[in-house]
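[1] need the 3D shape of this:
(one chain, ligands or ions: 1)
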Amino acid sequence: MNENITKRNALLAQKVIKGLESRNMSGYYAATKEEALKIALELIPKGSSVTMGGATSAQEIGLVDAVKTADYRFIDRYAAADRGAAERESYSADVYLAGINAMTEDGILVNIDGNANRVSAIAYGPKKVIFIAGMNKVCADYDSAMKRARNVAAPINAQRFGLSTPCAKTGACMDCKSPDTICCQFLLTRYSKHAGRIHVILVNDNLGF
Ligand code: SF4
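    Modelled structure (predicted):
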């Protein structure tokens, strides 16, 4: 990462962390992916049941591989014979790993979901939610965060899942009501009722999308 980008990210992260703390959430700054992995593993006691939803950034720092070891009980919805049952089991997991579609400099998290298993688990259920977020997810304000989530994250996710949506053909959001749309549920996390439940690890890197 460029030295000047690193300086800017370190400074901006302090503002984001203060914003998260004002919303009863915890924020951390990692200068590298390795540091982010270390912080995340310190937040996950050995023996925890762990699951995830749409956590590309967690994969990119090596966190998903780390919790698939014998030290943890990983609930793998992709490998489960009954994926719906595995997703429902996620609600009682000790730890839920997730990415963020976008967030504001003052700590509001923006996530969009089609099936809603991810946003519902973020909102309620797992005892602890750990977000891994590259600094590329931080936007100046609510409007720019929503624009990022809708115009960058969602169209890329539509490509990822091979969906038949207008954005998959044009790269731009057309505000569709296609049966394939992944923009069904919008979750804004502006405050956590439960101290110690939501943790955001900001990483000095471009992670996810
Ligand atoms: S609303 Fe439709 S076109 Fe827009 S990003 Fe979502 S799926 Fe794509």
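[2] need the helices for this protein, in chain order.
    Secondary structure of the chain (DSSP state H): helices at 3-22, 33-42, 56-60, 63-67, 83-90, 117-123, 142-148, 154-160, 166-170.
[3] now the ones you listed as CSV including mean neighbour count?
    Yep, even glycine has a C-beta here, placed from its N, CA and C like the rest. Compiled in CSV, the helices of the chain are given as follows (neighbours: other C-beta atoms under 10 Å):
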stretch, mean neighbour count
helix 3-22, 15
helix 33-42, 18
helix 56-60, 22
helix 63-67, 19
helix 83-90, 16
helix 117-123, 20
helix 142-148, 17
helix 154-160, 19
helix 166-170, 17
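[4] lowest average pLDDT across those helices?
    Lowest mean pLDDT of these: helix 83-90, a mean of 89.
[5] give the other helices and strands that that helix contacts.
    Counting contacts by 3 or more C-beta pairs under 8 Å, 6 or more residues apart in numbering; DSSP states H and E, helix 83-90 is packed against strand 49-53, helix 117-123.
[6] up against the ligand, what does the chain have?
    150, 154-155, 158, 165-167, 173-176, 178, 181-183 (C-beta under 6 Å from any ligand atom).
[7] would you point out the most distant pair within these?
    Farthest-apart pair in those is R150 and S178; separation 14.3 Å (C-beta to C-beta).
[8] show me which of the two is the more surrounded one.
    A direct count of neighbours by other C-beta atoms under 10 Å for R150 and S178 places R150 higher, at 20 against 15.
[9] can you tell me which residues contact the more buried one?
    Contact analysis of R150 by C-beta atoms under 8 Å, 6 or more residues apart in numbering lists I112, C173, C183.
[10] before we move on, back to that, as JSON lines, the helices and strands packed on helix 83-90 with distance to G208 would be great.
    JSON lines is the format used below for the helices and strands packed on helix 83-90 (distance: least, C-beta to C-beta, whole Å):
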{"stretch": "strand 49-53", "distance to G208": "12"}
{"stretch": "helix 117-123", "distance to G208": "13"}
